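> with the input below, show me the fold.
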Amino acid sequence: MDALPVNAFDLVVIAVLLISAVIAFFRGFVHEVLAIAAWAGAALAALHGLPYLQPVAREHIPLTWAADAAAAAAIFLVVLLVLALITRSVSKRVQDSALGALDRSLGFVFGLARGAFVVAVGFIVVAWLWPEPDDRPGWIREARSLPLVEDGATLVRTLVPESLEADTQRAGAAAREAEDKARQAIELKKTYDRLTQPTPSATPPAGTPAPGAAPGSAPVPEREPGYDTAPRQDLNRLIESQISR
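Reported below is the predicted structural model:
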């Protein structure tokens, strides 16, 4: 792989572009556009039709969330099926006409654009997982197609509303903060376990005379294992400093 001019990231980008373009070529431009419109129409139908089917679904399904989900899914699937049949009928007529070659050619171009969009969105997810470029795997940093993919991701970000992008950034920051807190909690637990385990003491066992004591002297009193006041105060300060972060 090192001897090739491309690496795994480049191969993934090429595969996504070609697969999307080939599928769109055989289906045609009209079919691809109408298919996207069908999905959008089914989603809108489920959104606006849910209040009408919601009471009926809740009568037959005890769980409210399950009833709402079933009602929305039923509306979505029915509308999507109807629109898919219409899409297939219209696209078949276009491909069988004199515009068939043009429809396939435009479909190929549309497929490339769709594949580029998918790659750009995927790289946005990668940038969210690894905000720092130096932290990303080497097969991503060394990809030949990385500059083009970054430009595409930047273009997609400009199309996203600022409020949605801000919410996404806050969600990513919250996830990373939760991960840091979990890591700190694990380290704190390890530190606590290490400090609370009593170390072996040179003190003679309870009930035996102290070294060098006169015969008949009182034996060493029994002492509970653990830490004295100073080590415990240090441990408490450590816990408080970790919690306050």
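> which parts of stretch 133-151 are buried?
By neighbour count on 16 or more other Cβ atoms under 10 Å, the buried set for stretch 133-151 is 136, 140, 143, 145-146, 149. C-beta: built from backbone N, CA, C; applies to glycine.
> need those in JSON lines (columns: distance to Arg93 and pLDDT).
Formatted as JSON lines, the buried residues of stretch 133-151 follow (distance: Cβ to Cβ, whole Å; pLDDT from 0 to 100):
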{"residue": "Arg136", "distance to Arg93": "48", "pLDDT": "87"}
{"residue": "Ile140", "distance to Arg93": "45", "pLDDT": "89"}
{"residue": "Ala143", "distance to Arg93": "42", "pLDDT": "90"}
{"residue": "Ser145", "distance to Arg93": "38", "pLDDT": "91"}
{"residue": "Leu146", "distance to Arg93": "43", "pLDDT": "91"}
{"residue": "Val149", "distance to Arg93": "38", "pLDDT": "93"}
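> so which of those residues comes closest to Ala40?
Val149 (26.2 Å; Cβ to Cβ).
> just give the closest residue to that closest one, not the sequence neighbours.
Distances taken as Cβ to Cβ, 6 or more residues apart in numbering place Phe123 nearest to Val149, at 4.9 Å, with adjacent residues excluded.
> residues contacting the one you found?
149-150, 152-153 (Cβ atoms under 8 Å, 6 or more residues apart in numbering).
> looking at these, which is nearest Leu102?
Nearest to Leu102 among the contacts of Phe123: Gly152, at 26.4 Å, using Cβ to Cβ.
> and the helix or strand where that closest one lies, what other elements does it pack with?
Assigned by DSSP states H and E, Gly152 belongs to helix 146-159. Counting by 3 or more Cβ pairs under 8 Å, 6 or more residues apart in numbering; DSSP states H and E, the packing neighbours recorded for helix 146-159 are helix 100-129.
> residues making contact with the very next helix or strand once past the helix it packs on?
Proceeding C-terminally, helix 100-129 gives way to helix 138-141 as the next helix or strand, assigned by DSSP H and E. The contact list for helix 138-141, computed with Cβ under 8 Å, 6+ apart, reads 7-9, 126, 133-134, 146.
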